[in-house]
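Colleague: Here is my input; please provide its structure:
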Amino acid sequence: MQEITACQEICRDFSWLGAIPTILEGIVDVAPAAAIVWASWSYFNKVRLDRDADLRRLRQEVYGKYLFEVAEAEKEMFKVGGFDPAKPAMRFHEELTLIAPKPVLDASKEFIRTVFFIGLDFGMKKRAEGAELAELIEKEKASRATYATAHQKLLTAMRQDLLAGSSIPVALGDEE
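Modeller: Numbering: from 1, shown residues only. I've put the predicted structure just below:
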């Protein structure tokens with residue numbers, strides 16, 4: 001049997017440590033390329049996130065204007081008069097077509113259709129008399145409910161768009 005010294009035994013047991021400098025050389029060789037790839041990805045990701053944030057701010061501004069105009073129009077909508085309730089919504093819907101996601105556009109279209117037909121009904125109400133007027137008044141009650149539903153869908157779609165990814169719940173106090 002051959003005698004092995006403690007030093008030889010340690011060298012034999014830890015011989016794999018000799019590969020560490022080679023591994024470190026490989027890491028050092030790859031590190032600059034990895035840093036360039038990571039920096040490029042980080043830059044383009046930041047540009048994308050900044051663009052998304054800018055679009056979200058723009059949508060928030062347009063949604064606010066849209067809802068303000070609709071709120072102002074609501075004050076006059078259920079009065080008999082020469083008011084065209086679809087105009088404010090249609091004006092802002094054009095802006096939405098460029099920046100808003102499909103669910104908001106769909107809700108806006110439905111809202112405009114609802115408001116437009118309510119406007120036609122009110123135009124007929126101005127000229128109606130007797131039984132026809134009573135029928136249109138009953139139709140107005142249904143129109144108010146339809147309007148409220150379409151308005152709520154529009155609000156919900158806008159909230160879902162603006163609050164997606166945040167910790168704020170989409171369903172706020174005025175939703176049932």
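
Colleague: what's around residue 153, how many residues?
Modeller: Here the count is done by other Cβ atoms under 10 Å, and residue 153 has 18 residues near it. For glycine as for every other residue, the C-beta is placed from the backbone atoms N, C-alpha and C.

Colleague: packing partners for the one helix or strand residue 160 maps to?
Modeller: Counting by DSSP states H and E, the secondary-structure element that holds residue 160 is helix 130-163. Secondary structure elements in contact with helix 130-163, counted by 3 or more Cβ pairs under 8 Å, 6 or more residues apart in numbering; DSSP states H and E, are helix 20-77, helix 102-127.

Colleague: Next, the angle helix 20-77 makes with it.
Modeller: For the pair helix 130-163 and helix 20-77, the angle between their directions (axes from the mean of the first three to the mean of the last three Cα atoms, to 10 degrees) equals 160 degrees.

Colleague: Give me the buried positions along helix 130-163.
Modeller: Within helix 130-163, the residues that qualify as buried are 136, 143, 146-147, 150-151, 153-159, 161-162, counting by 16 or more other Cβ atoms under 10 Å.

Colleague: wait, which of those is closest to residue 65?
Modeller: Nearest to residue 65 among these: residue 158, at 11.8 Å, using Cβ to Cβ.

Colleague: got the helices and strands packed on helix 130-163 as a markdown table, with distance to residue 14, mean pLDDT and mean neighbour count columns?
Modeller: Formatted as a markdown table, the entries for the helices and strands packed on helix 130-163 read as follows, by distance: least, Cβ to Cβ, whole Å; pLDDT from 0 to 100; neighbours: other Cβ atoms under 10 Å:
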| stretch | distance to residue 14 | mean pLDDT | mean neighbour count |
| --- | --- | --- | --- |
| helix 20-77 | 10 | 87 | 12 |
| helix 102-127 | 63 | 75 | 17 |
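
Colleague: Adding distance to residue 5 as columns, could you present these in a markdown table?
Modeller: What follows is the helices and strands packed on helix 130-163, written out as a markdown table (distance: least, Cβ to Cβ, whole Å):
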| stretch | distance to residue 5 |
| --- | --- |
| helix 20-77 | 23 |
| helix 102-127 | 78 |
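
Colleague: do you know which of those lies nearest residue 3?
Modeller: It's helix 20-77; of the helices and strands packed on helix 130-163, that one is closest to residue 3 (Cβ to Cβ) at 29.0 Å.

Colleague: starting at the chain centroid, how far to that closest one?
Modeller: 14 Å (Cα atoms, centre = their mean, to the nearest Å).

Colleague: heading toward the C-terminus, what's the first helix or strand past that helix?
Modeller: Along the chain past helix 20-77, the next helix or strand (assigned with DSSP H and E) turns out to be helix 86-99.

Colleague: I'd like to know which elements that next one is packed against.
Modeller: The helices and strands touching helix 86-99, judged by 3+ Cβ pairs under 8 Å, 6+ apart, are helix 20-77, helix 102-127.
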